[in-house]
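1. task: produce atomic coordinates for the following.
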Amino acid sequence: MSVSVASTVHRHVEVDGVRVFYRESLPDRADAPVLLLLHGFPSGSHQFRRLIDVLGSRYRLIAPDYPGFGHTQVPDGFTYSFDRLADVTEGFVRQLGLDRFVMYVFDFGAPVGFRLAERSPEWIAGLVVQNGNAYEDGLSDAARGVLLADPQEPGTEAALGDLFTLPGTRYQYEAGVTDPELLTPDSWTLDQHFLDQPGRKEAQRALFFDYRTNIDSYGRWQAWLRRNMPPALITWGAHDPFFLAPGAHAYLRDLPDAEVHLLDTGHFALETHLPQIAPLIADFLDRTWK
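-> Prediction:
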């Protein structure tokens with residue numbers, strides 16, 4: 001029996017003093033479609049490692065770690081904001097010489113990715129959106145409470161601090177999952193390892209207090225979608241307690257031809273539904289790249 005598993009390289013590239021770590025598959029074809037994978041909180045490029053194994057021999061999958069996440073290293077005094085994460089990711093794309101790719105946006109990857117799309121729309125061959133919000137329809141009350149938190153309000157720091165603990169990290173994986181045995185504890189354990197590194201919790205606090213800039217940008221991003229009409233595949237964990245299923249359907253207002261799949265799982269849908277999502281992505285890449 002023939003089994004095709006991708007070879008993956010793990011590299012660093014320097015971008016404005018930031019040493020960006022990334023994973024890249026080595027497909028069988030030099031002209032393979034390119035999929036840029038933008039991860040979420042509190043994870044990193046490692047959240048895509050199984051997807052890279054499954055699809056990386058047919059497509060060029062590239063997954064960087066943002067500043068403040070994973071193995072990426074930042075200089076002293078780095079300012080954490082979503083604009084700066086997008087600046088570094090844009091520099092990363094330019095360093096690799098990418099000029100056209102399908103972009104997978106998940107969670108924090110949506111505000112990073114939509115900033116890239118606004119700056120260089122010609123790069124975007126298509127969008128894969130997985131629990132990546134661009135509409136207020138998708139914000140739960142719990143998400144609003146955290147993402148619009150006022151740092152001056154009493155109790156805000158304590159509430160955010162709970163997010164950065166092992167129970168808080170594990171909850172993000174388990175909430176809304178109907179079969180917990182499909183989850184590997186390696187995922188939240190590795191996330192917590194990085195969260196516990198010096199300076200990482202402070203970086204995450206800064207990003208959470210900056211998140212309101214993303215919500216303020218939703219209207220602009222929706223206008224970008226209407227102007228550019230990228231092909232879009234939307235796969236969404238329907239029981240995500242943070243980014244609700246109406247956030248998936250909301251994309252159809254601006255992209256009526258988008259393909260939407262709601263899955264019986266939570267926020268980290270790839271953890272439980274890789275066998276369902278991977279073929280959808282492969283089919284989408286084949287159709288979109290042509």
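
2. pLDDT weak spots in this protein?
-> By pLDDT under 70, the low-scoring segments of the chain are 1-3, 159.

3. residue boundaries of the strands in it?
-> 7-15, 18-26, 34-38, 60-64, 101-106, 124-130, 232-237, 259-263 (DSSP state E).

4. export the ones you listed as a markdown table, with columns for mean neighbour count and distance to W224.
-> Every C-beta, even on glycine, is put in place using the N, C-alpha and C of the backbone. Formatted as a markdown table, these follow (neighbours: other C-beta atoms under 10 Å; distance: least, C-beta to C-beta, whole Å):
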| stretch | mean neighbour count | distance to W224 |
| --- | --- | --- |
| strand 7-15 | 13 | 24 |
| strand 18-26 | 21 | 25 |
| strand 34-38 | 26 | 16 |
| strand 60-64 | 26 | 22 |
| strand 101-106 | 25 | 12 |
| strand 124-130 | 23 | 9 |
| strand 232-237 | 24 | 12 |
| strand 259-263 | 17 | 19 |
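
5. to L270, which of those strands lies closest?
-> Among the strands of the chain, the nearest to L270 by C-beta to C-beta is strand 124-130 (7.1 Å).

6. let me know the angle separating that closest one from strand 232-237.
-> Using axes from the mean of the first three to the mean of the last three C-alpha atoms, to 10 degrees, the inter-axis angle of strand 124-130 relative to strand 232-237 is 10 degrees.

7. who does strand 124-130 pair up with?
-> Partners of strand 124-130 in the sheet, by DSSP bridges, are strand 101-106 (parallel), strand 232-237 (parallel).

8. distance from the longest helix seen in the chain to the middle of the chain?
-> Secondary structure of the chain per DSSP state H: the longest helix is helix 269-289. Relative to the centre of its chain, helix 269-289 is centred 15 Å away, using C-alpha atoms, centre = their mean, to the nearest Å.

9. which other helices and strands contact that helix?
-> The contact analysis (3 or more C-beta pairs under 8 Å, 6 or more residues apart in numbering; DSSP states H and E) places helix 269-289 against helix 49-55, strand 101-106, strand 124-130, strand 232-237, strand 259-263.

10. what's next to that helix, contact-wise?
-> 33, 35, 47-48, 50-51, 54-55, 58-59, 102, 104, 125-126, 128, 130-131, 173, 177, 179, 182-184, 187, 231, 233, 235-237, 259, 261, 263-266 (C-beta atoms under 8 Å, 6 or more residues apart in numbering).

11. ok, now stretch 111-122?
-> 38, 66, 82-83, 85-86, 89-90, 93, 99-100, 103, 105, 123-124, 127, 132, 134, 211, 214, 217, 220-221, 224, 227-228, 230.

12. got a list of what D254 touches?
-> When contacts are counted by C-beta under 8 Å, 6+ apart, D254 is found next to 222, 225-226.

13. can you give me the distance of V13 to Q95?
-> 5 Å (C-beta to C-beta, to the nearest Å).

14. re the thing from before, got the contacts of D254 as CSV, with distance to P275 and neighbour count columns?
-> Formatted as CSV, the contacts of D254 follow (distance: C-beta to C-beta, whole Å; neighbours: other C-beta atoms under 10 Å):
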residue, distance to P275, neighbour count
Q222, 32, 18
L225, 29, 19
R226, 34, 11
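
15. how about the strands of the chain in a markdown table, adding distance to E157?
-> Output for the strands of the chain, formatted as a markdown table (distance: least, C-beta to C-beta, whole Å):
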| stretch | distance to E157 |
| --- | --- |
| strand 7-15 | 31 |
| strand 18-26 | 27 |
| strand 34-38 | 28 |
| strand 60-64 | 29 |
| strand 101-106 | 27 |
| strand 124-130 | 30 |
| strand 232-237 | 29 |
| strand 259-263 | 34 |
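
16. hey, where'd the helices end up in the stretch 101-250 of the chain?
-> 109-119, 141-147, 156-163, 166-174, 185-195, 200-210, 212-228, 246-254 (DSSP state H, counting those that start in this stretch).

17. looking at the ones you listed, which is buried most?
-> Each of the helices of the stretch 101-250 of the chain was scored by mean neighbour count; the highest is helix 109-119, a mean of 23, by mean count of other C-beta atoms under 10 Å.
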